[in-house]
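Colleague: What shape does this take:
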Amino acid sequence: MLIPFLESDRLEAGCDEVGRGCLCGPVVAAAVILPSDFANEFVNDSKKLTKSNRQNLVSEIKSSAISWAIAEASVEEIDRINILHASFLAMSRAVEMLKIRPQHLLIDGNRFKSHLDIPFTCVIQGDGKYASIAAASILAKVYRDEMMERYAEEYPGYGWDKNAGYPTVLHRQGIMKLGLTPLHRKSFKHLPDQLDFDF
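Modeller: Sure, this is the predicted structure:
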């Protein structure tokens, strides 16, 4: 069971993002405020859960949360301000969308920068430690995965329904055959330097 809170007497919002390492699509973040007595043994780092487990947990997280929100930073913003700052932007937007203002933020990772006037604590691998961060990671991942599945129908041949835009062999083969789409991040390296790279 993950830790329910850092401090029990305040409203804490767990924040996490997904899609930083993808070659295409927006970066998506979620913020979740859970009640201090929230307990679910299955809530964990979204990467450690199966697709069906994540999907099953979404409705419970949303119904149990005091407040939750999901936000994005676009491909254009990623290319303009870089992926790290775009991740911070998406998390800040998610926090701003919460119906209740949190007193403290629990941020997955070792860095955070924001215009928000809310104190925060960065937690390395926090999505495997704190329930609110794990809940945010689940909401963000399910939302983004479903988005990329829809995009896969619009741009077939890249395997986005399976790889969600990450740099898999299938995705890179698609880039070599079909070129880049408007959803690809222009500031990212899409193919290895070796022209004779063996897929």
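Colleague: Any stretches of this structure with poor pLDDT?
Modeller: Under the criterion of pLDDT under 70, the regions of the chain flagged as low confidence span 193-199.
Colleague: what about the strands in it?
Modeller: In the chain, the segments counted as strands under DSSP state E are 12-18, 27-33, 67-73, 104-108, 120-123.
Colleague: So which other helices or strands are in contact with the helix ranked longest in the chain?
Modeller: Secondary structure of the chain per DSSP state H: the longest helix is helix 131-154. Counting contacts by 3 or more C-beta pairs under 8 Å, 6 or more residues apart in numbering; DSSP states H and E, helix 131-154 is packed against strand 12-18, strand 27-33, helix 51-64, strand 67-73, strand 104-108, helix 160-163. Using the backbone N, CA and C atoms, a C-beta is placed for each residue, glycine as well.
Colleague: List the buried residues in that helix.
Modeller: For helix 131-154, a neighbour-count test (16 or more other C-beta atoms under 10 Å) marks 131-145, 147-148, 151-152 as buried.
Colleague: That helix to strand 12-18, inter-axis angle?
Modeller: Helix 131-154 and strand 12-18 meet at an angle of 30 degrees, taking axes from the mean of the first three to the mean of the last three C-alpha atoms, to 10 degrees as the criterion.
Colleague: coming back round to it: adding distance to Ala90, write the helices and strands packed on helix 131-154 out as TSV.
Modeller: Output for the helices and strands packed on helix 131-154, formatted as TSV (distance: least, C-beta to C-beta, whole Å):
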stretch	distance to Ala90
strand 12-18	6
strand 27-33	4
helix 51-64	18
strand 67-73	4
strand 104-108	12
helix 160-163	19
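Colleague: With distance to His115 and mean neighbour count as extra columns, can I get these in JSON lines?
Modeller: Converted to JSON lines, the helices and strands packed on helix 131-154 look like this (distance: least, C-beta to C-beta, whole Å; neighbours: other C-beta atoms under 10 Å):
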{"stretch": "strand 12-18", "distance to His115": "14", "mean neighbour count": "29"}
{"stretch": "strand 27-33", "distance to His115": "15", "mean neighbour count": "30"}
{"stretch": "helix 51-64", "distance to His115": "27", "mean neighbour count": "15"}
{"stretch": "strand 67-73", "distance to His115": "14", "mean neighbour count": "22"}
{"stretch": "strand 104-108", "distance to His115": "13", "mean neighbour count": "24"}
{"stretch": "helix 160-163", "distance to His115": "32", "mean neighbour count": "20"}
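Colleague: Any idea which of the ones you listed gets closest to Leu183?
Modeller: Judged by C-beta to C-beta, the one of the helices and strands packed on helix 131-154 that comes nearest to Leu183 is helix 160-163, at 8.7 Å.
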